[in-house]
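A.B. asks: need coordinates for the following:
(one chain, ligands or ions: 2)
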Amino acid sequence: MKTIDLVVPCYNEEAGLEHFVLETNKVIDSLPEYSFRYILVNDGSKDRTYLIMKKLAKTFNNIKYISFSRNFGKEAAMFAGLQHTTADYVVVMDADLQHPPQLFPQMIQAVEHEGYDCCATKRADREGESKFRGIFSKLFFKLSNRLTDVKMPYGAMDFRMMSRQMVDSILELSEVQRFSKGIFSWVGFNTKWIAYKTVDRQLGQTTWKFSSLFKYAIEGITSFSVAPLRFTAVMGFIIFVISLIYIIITLIQTLFLGITTPGYVTTLCAILFMGGITEMSIGILGEYIGKIYMEAKDRPIYITKFSNFEDEDNEEKDD
Ligand code: UDP
Ligand code: MG
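C.D. replies: Ligands and ions are numbered 1, 2, ... in the order given. Now for the predicted structure:
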């Protein structure tokens, strides 16, 4: 019997976690020829998510959980989940039912019978999302596809089923600052994309703020490309050439026409423009140095507080 592990990052999901498991179980029950297992990762939730996880694990013996010592972010939670997988196929999905388990049969079809290593999903629409986020998202995919080597279709989601081999390759990328959408694409393998109509989050709330989405986008681009650095270099060169031409013109004017004092506007413009460009270049440089710094520290990607994996001896004792 083929096995399938479901990796589910959970942050403040007390409202919907049980509902998620019950709904997903319906789909699992309709696929008796596969053995499913949940790997729920509690990403330092501030609510009762962990208690609900434990309760669920008592009710259903195919539920495993890992609980972090604090909030490490969805990327870390996905990584932790993937590290604990052993199944033939691995699914990564959200706990809010925005990633419908009803797609499992289609995914299994792709990875088991059509020869794909991965069956990933993308949005067929952007319903249930603010216009603003939609525009920003489109811009991100455009920029990212142009600047980096990793190609992602517009609206690509993390929700996907992958082969064991692909998961093992993903785990070999041990960078601390993880950008999974990029990593999934970077490791290669054949991916089948299926589009589906997204649904609104039924229970609980999204934890993404605009600022975190912005950070996510910058992370996505800088993790897979040095194009911004090259951009500053090219910019510098262009400005250098323009300045050189201007210097020559001014020198000739001064030599042949004598010193003409007006130049207030030119001086001001030059200083401000150069200042702006320099600041921006330093900022971009800083972004990369920051990344090097964070990677150089080589800190663990997450810290586990509790878990019910047999191979770990940190099971909670006090109940
Ligand atoms: N999540 C997480 N850690 C975080 C934020 C979110 O593990 O710091 C989980 C969350 O529980 C959910 C998934 O990541 O299962 C997606 O989060 P959410 O639904 O809030 O994001 P959206 O669907 O709006 O992109
Ligand atoms: Mg969601």
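
A.B. asks: just the helices in this protein please.
C.D. replies: 17-29, 49-59, 74-83, 104-108, 131-147, 164-172, 180-186, 210-224, 227-257, 264-297 (DSSP state H).

A.B. asks: now these as a markdown table including mean pLDDT and mean neighbour count?
C.D. replies: Every C-beta, even on glycine, is put in place using the N, C-alpha and C of the backbone. Formatted as a markdown table, those follow (pLDDT from 0 to 100; neighbours: other CB atoms under 10 Å):
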| stretch | mean pLDDT | mean neighbour count |
| --- | --- | --- |
| helix 17-29 | 94 | 18 |
| helix 49-59 | 93 | 18 |
| helix 74-83 | 94 | 22 |
| helix 104-108 | 94 | 19 |
| helix 131-147 | 82 | 14 |
| helix 164-172 | 95 | 17 |
| helix 180-186 | 89 | 21 |
| helix 210-224 | 82 | 16 |
| helix 227-257 | 86 | 12 |
| helix 264-297 | 86 | 12 |
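
A.B. asks: which residues of the stretch 101-250 of the chain lie near ligand 1?
C.D. replies: Contact residues (CB under 6 Å from any ligand atom) of the stretch 101-250 of the chain with ligand 1: 201, 206, 207, 208.

A.B. asks: now the last one: phi and psi?
C.D. replies: It stands for residue 208. Phi and psi for residue 208, reported as degrees, to the nearest 10, are phi -80, psi 130.

A.B. asks: give me the contact list for stretch 282-298.
C.D. replies: Contact with stretch 282-298 is made by 175, 176, 177, 218, 222, 223, 226, 228, 229, 231, 232, as judged by CB atoms under 8 Å, 6 or more residues apart in numbering.

A.B. asks: for ligand 1, what's the nearest residue on the stretch 201-319 of the chain?
C.D. replies: residue 206 (3.4 Å; CB to the nearest ligand atom).

A.B. asks: quick one: residues contacting the residue nearest to that residue when sequence neighbours are not counted.
C.D. replies: Closest residue to residue 206 apart from its sequence neighbours, by CB to CB, 6 or more residues apart in numbering: residue 96 at 8.0 Å. Residue 96 is in contact with 13, 16, 20, 201, 202, 203, 204, 206, counting by CB under 8 Å, 6+ apart.

A.B. asks: what's the farthest-apart pair in these?
C.D. replies: Of all pairs drawn from the contacts of residue 96, the greatest distance, 14.9 Å, lies between 20 and 206 (CB to CB).

A.B. asks: do stretch 84-93 and ligand 1 meet at all?
C.D. replies: No - applying CB under 6 Å from any ligand atom, one finds stretch 84-93 separated from ligand 1 by no less than 7.8 Å.

A.B. asks: export that stretch to PDB, keeping only CA atoms.
C.D. replies: In PDB, the C-alpha atoms belonging to stretch 84-93 read as follows (Å, rounded to 0.1, in the frame of the first residue of the first chain):
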ATOM      1  CA  HIS A  84       9.500  14.200   9.400                       C
ATOM      2  CA  THR A  85       8.000  12.600   6.400                       C
ATOM      3  CA  THR A  86       8.700   9.100   5.400                       C
ATOM      4  CA  ALA A  87       5.900   8.400   2.900                       C
ATOM      5  CA  ASP A  88       6.000   7.700  -0.800                       C
ATOM      6  CA  TYR A  89       4.100  10.900  -1.500                       C
ATOM      7  CA  VAL A  90       4.000  14.100   0.500                       C
ATOM      8  CA  VAL A  91       1.300  16.800   0.400                       C
ATOM      9  CA  VAL A  92       1.900  20.300   1.800                       C
ATOM     10  CA  MET A  93      -1.300  22.100   2.600                       C
END
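
A.B. asks: name the residues of it that are buried.
C.D. replies: For stretch 84-93, the neighbour count (16 or more other CB atoms under 10 Å) marks 84, 85, 87, 88, 89, 90, 91, 92, 93 as buried.

A.B. asks: interface residues of the stretch 201-319 of the chain facing ligand 2?
C.D. replies: By CB under 5 Å from the ion, the residues of the stretch 201-319 of the chain that approach ligand 2 are residue 201.
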